[in-house]
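Asks: structural data only, the sequence is not supplied:
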């Protein structure tokens with residue numbers, strides 16, 4: 001089996017090609033006490049989705065401001081400021097990644113902003129030629145946050161970053177991120193928030209159905225693209241630590257943790273109603289405990305495993321793989337509840353296909 005890098009874009013495409021999941025295909029409407037799903041969806045939008053997008057937008061705007069300051073005064077201090085604001089924006093993105101419904105799906109936000117691993121050959125060819133379309137499929141893995149990560153952290157020297165072609169490519173990718181994000185937020189503010197809440201059924205295409213699918217989809221990307229593939233679990237045990245997310249800044253652990261917390265936050269609804277509350281209303285059980293609590297406990301177990309790693313996931317894969325394997329085991333344990341038990345109880349159909357064998 002080849003150990004060539006498996007682009008995140010290909011993984012995503014495989015997940016989304018089929019329309020039938022590998023679990024219960026038609027669970028039907030859940031039975032239980034009356035529950036105002038429309039109110040839950042409204043609160044999820046108000047308490048989770050829009051605040052996450054707003055935080056990301058604020059951080060992207062700070063990155064834009066710091067980059068403009070750097071261009072006017074290209075020195076080490078301003079360079080550090082750009083790096084710092086970039087990491088803040090990349091971390092904020094992780095909480096938005098699961099929201100690939102409605103406007104984000106229309107704009108292919110996840111694909112456009114965070115396809116990894118980065119194709120550095122394509123990126124360098126783009127910079128050298130000066131002729132490229134960042135919206136084209138050819139550049140799906142040569143843009144977005146991974147491209148900015150490369151340009152800022154490929155070495156510690158200002159010299160390469162201050163080259164005209166590098167600055168232009170950075171600016172155009174930053175413009176792409178800002179444009180896509182603003183478009184998504186505008187659509188939510190221009191009526192999709194109401195459409196999202198009112199589409200309160202459980203069938204395929206309902207808001208709950210879409211969110212449950214995207215929560216699972218994003219979680220499996222976390223498990224596979226961010227952990228299993230670099231760890232070598234998809235390549236007969238041959239580790240590929242260079243395939244971690246944000247390999248140049250070496251912030252993969254921080255991003256992994258933020259992504260996990262973002263997915264959990266979507267499940268619990270932050271300070272408002274979430275999917276966990278709906279499961280409780282349905283009296284959904286896992287053994288002798290509430291299914292919602294079992295899921296939260298496993299989220300917490302995963303968070304504990306990530307937090308226990310040292311600051312570099314790449315280094316841990318290279319030098320302490322057993323700790324990363326233990327994390328993967330906890331992630332896999334959570335997949336079972338998220339992808340099988342939860343949708344079955346909610347009456348939601350999983351509509352993407354993967355080859356993960358869960």
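Replies: Yep, it's here. Since this is a predicted model, take the numbers as computed values, not measurements.
Asks: not counting its neighbours along the chain, what's nearest the residue nearest the centre of the chain?
Replies: Residue closest to the average C-alpha location in the chain (C-alpha atoms, centre = their mean): residue 97, at 3.4 Å. Excluding the flanking residues, the one nearest residue 97 by C-beta to C-beta, 6 or more residues apart in numbering is residue 218, at 5.3 Å. C-betas here are computed from N, CA, C, even on glycine.
Asks: surely the one you found forms part of a strand?
Replies: No - counting by DSSP: H, G, I helix; E, B strand; the rest coil, residue 218 is located in no strand; its state is helix.
Asks: shouldn't it be in contact with residue 96?
Replies: No - counting by C-beta atoms under 8 Å, residue 218 sits too far from residue 96 to count as a contact (9.9 Å).
Asks: related to what we said a few turns ago, which residues are in contact with the residue nearest to the centre of the chain?
Replies: Applying C-beta atoms under 8 Å, 6 or more residues apart in numbering to residue 97 gives the contacts 110, 114, 218, 221, 259, 262.
Asks: let's go with 10 Å and repeat that
Replies: 52, 104, 109-110, 113-114, 214, 217-219, 221-222, 255, 258-259, 262-263, 266 (C-beta atoms under 10 Å, 6 or more residues apart in numbering).
Asks: now do residue 36
Replies: 42-43, 200, 273, 278, 281.
Asks: which of those residues count as buried?
Replies: 42-43, 200, 273, 278, 281 (16 or more other C-beta atoms under 10 Å).
Asks: where's the residue nearest to residue 61 when sequence neighbours are not counted relative to residue 286, distance?
Replies: Excluding the flanking residues, the one nearest residue 61 by C-beta to C-beta, 6+ apart is residue 178, at 7.8 Å. Distance from residue 178 to residue 286, counting by C-beta to C-beta, to the nearest Å: 42 Å.
Asks: likewise for residue 74?
Replies: Here the criterion is C-beta to C-beta. By it, residue 74 lies 56 Å from residue 286.
Asks: quick one: which of the two has more around it?
Replies: For residue 74 versus residue 286, neighbours defined as other C-beta atoms under 10 Å are more numerous around residue 286 (19 against 14).
Asks: what's the pLDDT at the more buried one?
Replies: Residue-level confidence at residue 286 comes out at 98, pLDDT.
Asks: quick one: it and residue 158, what's the gap?
Replies: As judged by C-beta to C-beta, residue 286 and residue 158 stand 54 Å apart.
Asks: now residue 166
Replies: 11 Å.
Asks: what do you get for residue 169?
Replies: On the measure of C-beta to C-beta, residue 169 and residue 158 end up 16 Å apart.
Asks: could you point out the helix or strand that follows the helix or strand of the chain with the lowest mean pLDDT?
Replies: The helix or strand of the chain with the poorest confidence is helix 8-17; it has a mean of 47 (mean pLDDT, DSSP states H and E). Next along the chain after helix 8-17, taking DSSP states H and E as the criterion, comes helix 37-44.
Asks: which of the residues in that next one are buried?
Replies: By neighbour count with 16+ other C-beta under 10 Å, helix 37-44 contains the buried residues 37, 40-44.
Asks: again with stretch 42-59
Replies: By 16+ other C-beta under 10 Å, the buried positions in stretch 42-59 come out as 42-50, 52-53, 55-57, 59.
Asks: mind listing which of those are in helices?
Replies: Those of these mapping onto helices are 42-44, 50, 52-53, 55-57, 59, per DSSP state H.
Asks: if we can go back for a sec, let me see the contact set for the residue nearest to residue 97.
Replies: 12, 15, 94, 96-100, 110, 259-260, 262-263, 266.
Asks: redo those as a markdown table? Include secondary structure.
Replies: Formatted as a markdown table, the contacts of residue 218 follow (three-state DSSP):
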| residue | secondary structure |
| --- | --- |
| 12 | helix |
| 15 | helix |
| 94 | helix |
| 96 | helix |
| 97 | coil |
| 98 | coil |
| 99 | coil |
| 100 | coil |
| 110 | helix |
| 259 | helix |
| 260 | helix |
| 262 | helix |
| 263 | helix |
| 266 | helix |
